[in-house]
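Colleague: Pasting a predicted model and its sequence here:
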Amino acid sequence: MQGLNTRIAFKATNQFGMPVRVKALLQNDKGRTLDTLKVKHDGMGFFYLLCNPNEMYRINWTDEYGNKGSVPVVAGKQEGTSLAISTTNDKAFVKVERTTNVTDNFKQ
């Protein structure tokens with residue numbers, strides 16, 4: 001989402017739908033590396049992206065077998081909200097963020 005640092009989850013799979021380990025870079029359209037993506041478990045992981053409306057993004061990856069590829073990251077929406085929940089043993093923390101240009105029903 002444009003203007004919000006958004007957590008984006010991914011799952012890397014092969015042509016049969018089985019999880020694979022990948023090494024990947026999140027890059028903008030100018031070739032600048034913004035983040036290194038790491039697989040946490042069963043091909044799954046996450047990264048954060050603060051979308052700039054004037055940029056496009058790609059993930060360039062290499063899997064555990066040496067296969068390479070590139071996937072575009074779909075541009076974020078211009079308005080909206082995000083919800084993040086984190087927990088400890090006895091507490092839950094809720095964080096709600098919104099873009100500045102949301103409609104009135106998202107401002108409360």
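Modeller: That came through, no problem. The model shown is predicted, which means the values in this text are computed figures rather than measured ones.
Colleague: Okay, now the unreliable bits of the chain?
Modeller: Scanning the chain with the threshold set as pLDDT under 70 gives 1-2, 75-76.
Colleague: got the residue ranges for the helices in it?
Modeller: Along the chain, counting by DSSP state H, no stretch forms helices.
Colleague: Report the contact partners of S82.
Modeller: 1, 4, 6-7, 96-98 (C-beta atoms under 8 Å, 6 or more residues apart in numbering). Heads up, the C-betas are built off the backbone N, CA and C, glycines and all.
Colleague: Ok, V73 next?
Modeller: Contacts of V73 (C-beta under 8 Å, 6+ apart): 8, 26, 49, 56-59.
Colleague: quick one: which of the residues you listed sit in strands?
Modeller: 8, 26, 49, 57-59 (DSSP state E).
Colleague: T100 - nearest residue in space that isn't next to it in sequence?
Modeller: Sequence neighbours aside, G3 is the residue nearest to T100 in space, at 6.8 Å (criterion: C-beta to C-beta, 6 or more residues apart in numbering).
Colleague: again, but for R21
Modeller: Nearest to R21 is E64, by C-beta to C-beta, 6+ apart, at 4.5 Å.
Colleague: Please report how far the one you found lies from V22.
Modeller: Using C-beta to C-beta, to the nearest Å, we find E64 at a distance of 7 Å from V22.
Colleague: more crowded one of these two?
Modeller: V22 (21 against 13; other C-beta atoms under 10 Å).
Colleague: if I read this right, the more buried one contacts L37, doesn't it?
Modeller: Yes. Using C-beta atoms under 8 Å, V22 makes contact with L37 at a distance of 7.3 Å.
Colleague: Now list whatever residues contact both of those two.
Modeller: W61.
Colleague: ok so, going back, determine the number of other residues adjacent to the residue nearest to T100.
Modeller: Count around G3 with other C-beta under 10 Å applied: 18.
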